[in-house]
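Peer 1: Need a 3D model of the following:
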Amino acid sequence: MAHIVVLGAGLGGAIMAYEMKALTGPGDRVTVVNKGATYSFVPSNPWVAVGWRSKEQVEVDLSGAMERRGITLRTEGAGRVHPAENRIDLLDGSTVEYDYLIIATGPELAFDEIDGLGPGANTQSICLTDHAVQAKAAFDDLVKNPGPVVVGAVQGASCFGPAYEFTLILETALRRAKVRDRVPMTFVTSEPYIGHMGLDGVGDTKGILEHELRERHISWITNARVQSVEPGTMHVEEVNADGTTRQMHDLPFSFSMLLPAFRGVAAVRDIEGLTNPRGFILVDRYQRNPAFPNVFAIGVGVAIPPIGRTPVPVGVPKTGFMIESMVTATAANIASLIRGEEPREVASWNAVCLADFGDGGVAFVAQPQIPPRNANWSSSGRWVHAAKIGFEKYFLHKIRTGKPDSFYERAAFRLLRVDKLKSTHTE
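Peer 2: As a prediction, this is how the structure comes out:
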């Protein structure tokens, strides 16, 4: 009889618990450790930040859903993981022991690495739903008192799709409020070119996104390193291909949203053999940590090296369906270990991104995410908005009930014209 603990209850952690429970026997236990009982659908946060969704519409109380599936939910939050002792210290002083641990914490947001960055300082964020609610108040102030806008992603960021998405959703919302003509907009990104996405582009993301920014009169600065942010002014260094300074920019703003770099959470950071220097979990092809073979990891907290060198550091994104692939492989591999067998399932790591603009959008599919690829596709159009709504309903239904909704799944996949996005393969 095994006790499997899932650390974190975001998109990856909640689904991980459901899939793991489905593959375990009647004597096995599944426990989820999370800080609080609320799940938030983070991809909807750009809509929350302009008032197209409320906080309540994108959140789920996990207590009932977990209880119905026979999963124990511990809401105290994790203080420290002790992988050599198969133990987690919780924030209230209690402990949880495990036979198998799946780390699904997501990242810590490294706002502190740039002076003046973040919702506690001088810029907004859409990384958390509470951040998006705060950004909505700042958006309302912008509509009342229009002025310059600076949006983007800083050095070391790995989540570029939401930066583009929010920029263009914001532009649409400002047009609908009839104040766009009084709001100059600048997109600031550490990417070497527009549409790089941390993936060296997918399909024609460069051409599509440059076209969208030009059509909407949004200027941009690439190879950008944000030096600091003062109230109303952002200091940005634009660098050349060799890393030398090309130009310094002092950008005034009335509203700014910058995505930060990520790092591993404090509960796992600086554990030798478990994490890299940035605090992300080291895993092999089976999602298993090489130093602690009963510890697995999925999601944004997994260590993935950059695709290649860039003048300014750029991370690799982990998209929803890539994470689902990790979940499926991990659940199967732990089930194999419980049966006394060796793990054999390898996640496909396919990437899907839907960037909704409210009146259109861009979608891309990379199979697998890391080049070279079997599929390398991007497209744009009004249909992307419908697909994003479909995926939102699909994931929220899955979190609430522990099982997918076949109608929304079929509709979303049909719109994307791509199947087997969550597939794994058996060695």
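
Peer 1: can you give me how far stretch 77-86 is from the chain middle?
Peer 2: The chain centroid and the centroid of stretch 77-86 are separated by 24 Å under CA atoms, centre = their mean, to the nearest Å.

Peer 1: ah, wrong one, I meant stretch 123-131
Peer 2: In terms of CA atoms, centre = their mean, the centre of stretch 123-131 is set 13 Å apart from its chain centre.

Peer 1: tell me the mean pLDDT for that stretch?
Peer 2: The pLDDT scores in stretch 123-131 average 98.

Peer 1: Hmm, Arg263 is touching Gly106, no?
Peer 2: No: counting by CB atoms under 8 Å, Arg263 sits too far from Gly106 to count as a contact (11.1 Å). Where you see a C-beta, it was placed from the backbone N, CA and C, and this is true even at glycine.

Peer 1: Please name every helix or strand in contact with the helix or strand harbouring Trp220.
Peer 2: Per DSSP states H and E, Trp220 falls inside strand 218-221. Packing contacts for strand 218-221, counted by 3 or more CB pairs under 8 Å, 6 or more residues apart in numbering; DSSP states H and E, involve strand 185-189.

Peer 1: before we move on, what SS does Gly340 have?
Peer 2: The assignment at Gly340 comes out as coil when based on DSSP: H, G, I helix; E, B strand; the rest coil.

Peer 1: which residues does it contact?
Peer 2: Neighbouring residues of Gly340 by CB atoms under 8 Å, 6 or more residues apart in numbering: there are none.

Peer 1: how near is it to Arg382?
Peer 2: Going from Gly340 to Arg382 by CB to CB, to the nearest Å gives 53 Å.

Peer 1: One more: Phe321?
Peer 2: Taking CB to CB as the measure, Phe321 falls 22 Å from Arg382.

Peer 1: Who has more neighbours out of those two?
Peer 2: Per other CB atoms under 10 Å, whichever of Phe321 and Arg382 has more neighbours is Phe321, with 23 against 11.

Peer 1: A helix includes that one, no?
Peer 2: Yes: Phe321 forms part of a helix when assessed by three-state DSSP.

Peer 1: Double-check it against Asn350; I have them as touching.
Peer 2: Yes: at 5.9 Å, Phe321 counts as touching Asn350 under the criterion of CB under 8 Å.

Peer 1: strands paired with the strand holding Trp220, and their directions?
Peer 2: Counting by DSSP bridges, the strands paired with strand 218-221 are strand 185-189 (parallel).

Peer 1: what about dumping the CA coordinates of the strand it pairs with to PDB?
Peer 2: Extracted as PDB, the C-alpha positions of strand 185-189 are listed here (Å, rounded to 0.1, in the frame of the first residue of the first chain):
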ATOM      1  CA  MET A 185       1.600  51.500 -26.300                       C
ATOM      2  CA  THR A 186       5.000  49.800 -26.200                       C
ATOM      3  CA  PHE A 187       5.800  46.100 -25.900                       C
ATOM      4  CA  VAL A 188       9.000  45.300 -24.100                       C
ATOM      5  CA  THR A 189      10.500  41.800 -24.300                       C
END
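
Peer 1: Next, the buried residues of that strand.
Peer 2: Applying a neighbour-count criterion of 16 or more other CB atoms under 10 Å, one finds 185-189 buried in strand 185-189.

Peer 1: Next: stretch 247-261.
Peer 2: So stretch 247-261, judged by 16+ other CB under 10 Å, has buried residues 249, 251, 253-261.
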